[in-house]
Each structure stands twice: as C-alpha cells, then as structure tokens.
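**Student:** Return a 3D structure for these sequence lines:
(chains A and B)
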Amino acid sequence: MQALVPPRGLIVDLITPLKHDRSIDGQGLGHLLDRLSPLAHAVFLASPDTGEGKNLSLAQRLELLEKALVVVRGRIPILFWITQEDEEKTTETLLGLKKTLERRRYEGQVFWVDTPLYYHSNYYHSNRGLPALYRKLSSMVNKPFILHNAPEFIRSLAKPMKRSNIRTAILKELVSFKAIAGLIFLGSLDRSHNYQKACRSRARFRIYDGDETHFMDHPSMSGVVSSGANLAPEAWQKITESSLRITADQDNYPEYLQQVWDLGQYLRDLKGIYQRMPVTIIKEVLADKGIIETPTCIFPTKDVKESKQRAKELMDRFGDRA
Amino acid sequence: MVIKQAKEVLKIEAQGILSLVDRVGPEFEKAIESIMKAKGRVIITGMGKSGLVARKIAATLNSTGTPSQFLHPAEAIHGDLGMVTSDDIVVAISNSGHTTEINNILPMLKKIGAKIVGFTGGMDSPMAEACDLVIDVGVEREACPMGMAPTASTTAALAMGDALAVVLINRRHFNQDDFKRFHPGGSLGERLAVKVREIMLINDRIPMVPLGSKVQQVIEEIDAKKVGATLIIGKDRKLAGIVSDGDLRRVLLRNKNIHGMKIEDIMSPSPKTIDESRTAAEALGLMELNAITHLVIVDKHNRVKGVVHLHDLLGRKDFKINAGLSPTAGADR
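**Tutor:** Below you'll find the predicted structure:
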C-alpha cells in the first residue's frame, strides 16, 4: 500500500462529459481538466451526484478513468468513486479500475473513494463489518481509499432501517488502517466534530467538506469538494486558498478582504442557481461556452434554460469567462 | 439563528484547542527544556492576529517568571532585531507558516544564533523547515468564513502559549509570592506600586540612636521598634550607619564582651539608601539585589527621613500608608 499524503485544498467534483450516445466525451474532458488542473489541488471523478457515478456503468467508469489518465498525466491527484449497488460489483469495479491504472502504468496519485453504507448491508447494523470489508478491499489494490459519508445520498435509497452515517466508533477503527487516507464529509457540524475527534490519532488524515456551503461558513482545513468549481474554478481556488490560508499575507489587506467577500457572495449566488439541478445546469453552461461537446446527462433532464441564462449572466457580470 | 451561529463558533474553537491535546509531544518538551536552559529571554514574534497572540503570550510568560519580549517582525528588519541575542529563544507564530515578514527574519535570527521554536499549522511550510523545533498548532476547522479572519487557529496558538507558560511555572517552582511580585494589579501589587514615601516608617517609628550610644541602647531600640535594626545617626540626623539583629549576632559570636564595645565598631557604616520618590517595587528589587532587608530614606544632605523594611513591602499586619503625614514631623529625638 502506497503511503500517499492526501491532497489539501480544492477538489473539483467533476461533471462527466458525455457525447450524445452517452459515451465519454474525451475532448470535453480534456478541455475541462486542462482548465482546472492549474487551479485545483485534486479532481474527483465519477462522484455519485455531480459525476453521475451512481448511473454510470462499469464500462463508462473505466472509459472515464482511461481518458482522464491521458489528460491528467500525474499533474494533480485523482479521486475516483468506486461504489456500486453491492459489494461484489464494487469489488469488480475496483479491480477493473486497478487494471486500467496498471495497463497505463500510471504513476500519478490516485485515491479510491467509496461510500460503504450505500451497499454494505441494508439494515440498521450496516456499519457492522466495515473494518473487515476494508481489510479485504485494501488487500486487492495498492492505492489508498477515501471514505465518503453522505447521509442524504444513503437516505435516497429509501431503506428506513439503514444507518445513513458511518458510526464514529467504526470510523475510529477504520482510521487505524493506513489504506484509508481521508473522508469526504457531508452532515451536521456536530457530527463533523465527533469525526474529527475520532480521526485525531492519524496525522494528516483529511476530512474534506463535501458541502460547499459548510466550507464557506466554517472551512475545514483539509479542503472542499466543490461542484461549483466546474463553472468558477478561479473563484473557488481563491476562496479555498484564502480559507486554508495557503496564501497568508496580502499587500492590500482591506481590498483583499473585500475581494474575498465578493467572491464568496458570487459563489453563493451561483450555487443558488445550480443547486436545483447541479449536473444539468453546469453541463448546459459548459456546453454553451464550448468547453464540453454536449450537455448530455445519463438520464433525460428537465428544461433549465432560465437557470442556464441566469448562471451565464452572473458569471459574465463577475468577469468569470469559464 | 444568531444563538445557533454563536454556539457553532464556540464549538469549533473548543474543538480547535482539543485537537492540540494529542499533538503535544516531544517537540513541546524540547521547547520547554530549551527555554529552561536559555540564559536570555523568550522573544515572541508574529504578524497581524498572530502578533496580538504573541503579545499576550509574552505578557503571560513575563507575569509567570519567564522574561519575555514581543518582537514585531516588520520592525525587526528595521533595527529591532538588535534586541535578540544568541542566548534568547525565539518563538515564531504563523498559522500558515507562509508569513513573509516572519520568514524574512528567520535566517537573520539563525545567524544571531538564537534557537527558534515555531508555532504553526503549516507543518510543511517554509517556516516549519527553518525552525529548530516546530509545535503543531493547526486546527481542523476555522470558525470564520472564507479566511476573513483567523479564529480557531489563533485561539489554538494562544492556548498553546498558555500551556508553555504553565509548564514553565511548574518547572521553575514559581510560587504565590513570585506571582505577586509580577502582578502590580493584585493586592500586593498595588502596595508595590506606591511610592516609598507613602509606606516608609517615619517620625518616632524610625529606629535610631545617636553615634556614641551604648550597645544596650541599640538593643533596646531594636527591640522597641520591632524592625530588626536601628539606624545610627550623627549630627543633624545625618545617617552614620545601621546595626541589625544580624550584626549583633555576628559580633556576639566573635566577642563575648559586647557591652564594652563601641557602637561604631559594630555598625555597618554605609547602609543602602533609596530616594523617597521611588516605588516600593524598586525598593524590593534593591533589597533583593543586595540581600538586605532594610533601606534608609535620606534627603540630599544625607539626613534620615525614614526607613523601610522588607515586611513593609510584602505586607505585615501593621502595614500602613503614610499619605498625608509629614515625614519629618516629630522626628527629632
């Protein structure tokens, strides 16, 4: 198992560009990654919502990784979502992705992101056995894992007996595995405190804010997973670096603070537009600006012309050329 | 909403401090040892909010017995670096470890030969690399949005500074008396802030006998005034010497026939004096410096105006402030 230091900062929750036939739009992916790589600290591919991972077939995921490896070329770490509807398929996906890396002899950093509660047992005790699961998964691959705690996503399964969060005690046990390098967290602030306590035994264990609004209110010092960065990567880079104090001192401090405040307001307003249907609206804007070939999503979506127009106007007003 | 937000901020800040608990380790111990061994002071430096934290830590160290001084990093390169010696320990505070002003002075501090301890959350930062010891004060989450102002991180640095000061207190066996000495705001401190003229013994409370007095007279005067000594005065109340309990004891050990001796042979001829306008704290410092318990207050003609005893400074029961009384009224004997 490689002892990689997980990235810190802005992780772009990338949309998956698709052609009309729903194959991966390699050119669009190239444009997106070339535009984002200099600004992001990592990129999250095939994420369940923004990356449409929950609806991507294994073949599509493999194609996505294959094409991303060609473009990224080790410039920034890649986080890739491996979760499927059951343990067997998740394992199959993981092994398939691993083979892709091996075939490409990829030397860059890759982290496997997994949402274990999505497939691990459908009952209240769905946390039970997670350490054994990761013992097994980590023995199959040599790249580290990042856990994904997403209670709303689990609740969307509509299985009332199922736990929607990783139990803190279980997380504490999982953190002792070197193979687990971090956690993408969505949930309440109180739970994030409990998780932080559980993870303190591991230096450099990252807990990323999976919720952009949480990050903008009370930033996690590990960083943020942002879908808005697909549209406004420069603004998100500045906000992240300011929040994490990656760039400490500014020459003109009052003006700098004003800029940060305005940027934050811009990103909140932008989120207010796309949060209704993030994938569709982001893809529509990016396609309109010629960055991706088509706004195609895995599933047909509603008309979002008005939201697209509002997003474009806001971005133009703010001078964000996307 | 307001209450909820306030509670969230407090929780984040509390977690910030709690997160440091597991990270206090060998580097902290080494920092304590370095400060204990240092012959110089602890110089604390930081910019912006970290600068304010540095000032507070310096004040805490000073008031708990560790000589400390704040160094403004921007002023440092314009001359203030001269305050630092190779005997000093420098504590540099920067949450990111990328603060330009701090990183600019680190090479110069190294050249001076001062040991540098870094307080930072940026363990891979240039500052961390340049420091001899690095104490991790990073937090997991900031309370303030978008880095507008450091919040949990500065609280954590402040708390780590307190940890440093308190551990040093215990290592130095700093006691209550020591604490009071450095706290002019306390009850004793108030007393130490007053002028000597306000607390010195005056008039007939001054133990004094004229030159040529017999030893018996000296002993009676010391016993009567209960100050542990008596002044010996010459013509016009001019100070000629002092005889303390200790002087008598030492003479008795050497010479059994003490009553046959002249007072001039027993007395210390040049007692330490202090001007009545100086503070009680200064008087205390002078006593400590000379390992004595009395100071005489004289005028410009060396005429006795009063006397102050260590107990008067540290608070014996009959300590009184003489404000309003004429120091010379009724003093003639």
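
**Student:** ok, and does stretch B:137-144 reach over to chain A?
**Tutor:** Yes: with C-beta under 8 Å from any C-beta of the partner chain as the measure, stretch B:137-144 is seen reaching chain A through B:138, B:139, B:140, B:141, B:142, B:143, B:144. Backbone N, C-alpha and C define where each C-beta goes, glycine included.

**Student:** Against residue A:16, how distant is the closest residue to chain B within the stretch 1-150 of chain A?
**Tutor:** Residue nearest to chain B within the stretch 1-150 of chain A (C-beta to the nearest C-beta): residue A:5, separated by 8.7 Å. Plainly put, residue A:5 is 27 Å away from residue A:16 if you go by C-beta to C-beta, to the nearest Å.

**Student:** Which one's more surrounded, the two?
**Tutor:** Looking at residue A:5 and residue A:16 with other C-beta atoms under 10 Å in any protein chain shown, you find the greater number of neighbours at residue A:16, namely 30 against 13.

**Student:** thinking again about what came up before, which one of the residues of stretch B:137-144 next to chain A sits closest to residue A:256?
**Tutor:** residue B:144 (14.5 Å; C-beta to C-beta).

**Student:** Let me see the backbone angles for that closest one.
**Tutor:** Backbone torsions of residue B:144, given as degrees, to the nearest 10, read phi -90, psi 140.

**Student:** OK, contacts around residue B:165?
**Tutor:** Neighbouring residues of residue B:165 by C-beta atoms under 8 Å, 6 or more residues apart in numbering or on different chains: B:57, B:60, B:61, B:64, B:66.

**Student:** my read: the last one touches residue B:168, true?
**Tutor:** Spelled out, it's residue B:66. Yes: counting by C-beta atoms under 8 Å, residue B:66 does reach residue B:168; the two are 5.1 Å apart.

**Student:** residues shared between the contacts of those two?
**Tutor:** Taking C-beta under 8 Å, 6+ apart as the criterion, residue B:66 and residue B:168 both touch residue B:35.

**Student:** Using TSV, lay out the residues of stretch B:137-144 next to chain A together with distance to residue A:184.
**Tutor:** Output for the residues of stretch B:137-144 next to chain A, formatted as TSV (distance: C-beta to C-beta, whole Å):
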residue	distance to residue A:184
B:138	20
B:139	19
B:140	15
B:141	15
B:142	19
B:143	21
B:144	23
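
**Student:** Restricted to helices, list those residues.
**Tutor:** Among these, no member is found in helices (DSSP state H).

**Student:** picking up where we left off before, tell me both backbone torsions, phi and psi, for the residue of the stretch 1-150 of chain A closest to chain B.
**Tutor:** Main-chain dihedrals, residue A:5, degrees, to the nearest 10: phi -80, psi 120.

**Student:** Over to residue A:164?
**Tutor:** Dihedral angles (degrees, to the nearest 10) for residue A:164: phi -110, psi -10.

**Student:** For it, give me the pLDDT.
**Tutor:** Looking at residue A:164, its pLDDT reads 90.

**Student:** Let me see the contact set for residue B:164.
**Tutor:** B:28, B:31, B:32, B:35, B:57, B:61, B:91.

**Student:** The third one and residue B:201, how far apart?
**Tutor:** Distance, residue B:32 to residue B:201, using C-beta to C-beta: 44 Å.

**Student:** Between the two, point out the one with more neighbours.
**Tutor:** Per other C-beta under 10 Å, whichever of residue B:32 and residue B:201 has more neighbours is residue B:201, with 20 against 17.

**Student:** check which helix or strand covers residue 224.
**Tutor:** As the question left the chain open, I've gone with chain A. Following DSSP states H and E, the helix or strand that holds residue A:224 is strand A:223-226.

**Student:** oops, I was thinking of chain B
**Tutor:** Using DSSP H and E, residue B:224 maps to helix B:215-225.

**Student:** Which parts of that helix count as buried, going by neighbours?
**Tutor:** Of all the residues in helix B:215-225, those buried under the rule 16 or more other C-beta atoms under 10 Å in any protein chain shown are B:215, B:218, B:219, B:221, B:222, B:225.

**Student:** For the contacts of residue B:164, work out which two are farthest apart.
**Tutor:** Counting by C-beta to C-beta, the most remote pair of the contacts of residue B:164 is B:28 and B:61, 15.0 Å apart.

**Student:** Settle it for me: which of those two has more neighbours?
**Tutor:** The neighbour comparison of residue B:28 against residue B:61 (other C-beta under 10 Å) goes to residue B:61, with 24 against 19.

**Student:** dump the residue contacts of residue A:257.
**Tutor:** Counting by C-beta under 8 Å, 6+ apart, residue A:257 touches residue B:148.

**Student:** Output the helix or strand harbouring it as PDB - backbone C-alpha positions only.
**Tutor:** Using DSSP H and E, residue A:257 falls within helix A:253-274. The C-alpha trace of helix A:253-274 is given here as PDB (Å, rounded to 0.1, in the frame of the first residue of the first chain):
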ATOM      1  CA  TYR A 253      -5.400  43.700   3.200                       C
ATOM      2  CA  PRO A 254      -8.800  45.600   3.300                       C
ATOM      3  CA  GLU A 255      -9.100  45.400  -0.500                       C
ATOM      4  CA  TYR A 256      -8.200  41.700  -0.400                       C
ATOM      5  CA  LEU A 257     -10.900  41.000   2.200                       C
ATOM      6  CA  GLN A 258     -13.400  42.900   0.100                       C
ATOM      7  CA  GLN A 259     -12.500  40.700  -2.900                       C
ATOM      8  CA  VAL A 260     -12.800  37.500  -0.800                       C
ATOM      9  CA  TRP A 261     -16.200  38.600   0.500                       C
ATOM     10  CA  ASP A 262     -17.400  39.500  -3.000                       C
ATOM     11  CA  LEU A 263     -16.100  36.200  -4.400                       C
ATOM     12  CA  GLY A 264     -17.900  34.300  -1.600                       C
ATOM     13  CA  GLN A 265     -21.100  36.100  -2.400                       C
ATOM     14  CA  TYR A 266     -20.700  35.300  -6.100                       C
ATOM     15  CA  LEU A 267     -20.200  31.600  -5.400                       C
ATOM     16  CA  ARG A 268     -23.200  31.500  -3.000                       C
ATOM     17  CA  ASP A 269     -25.400  33.200  -5.700                       C
ATOM     18  CA  LEU A 270     -24.100  30.800  -8.300                       C
ATOM     19  CA  LYS A 271     -24.900  27.900  -6.100                       C
ATOM     20  CA  GLY A 272     -28.300  29.300  -5.500                       C
ATOM     21  CA  ILE A 273     -28.800  28.900  -9.300                       C
ATOM     22  CA  TYR A 274     -27.400  25.500 -10.000                       C
END
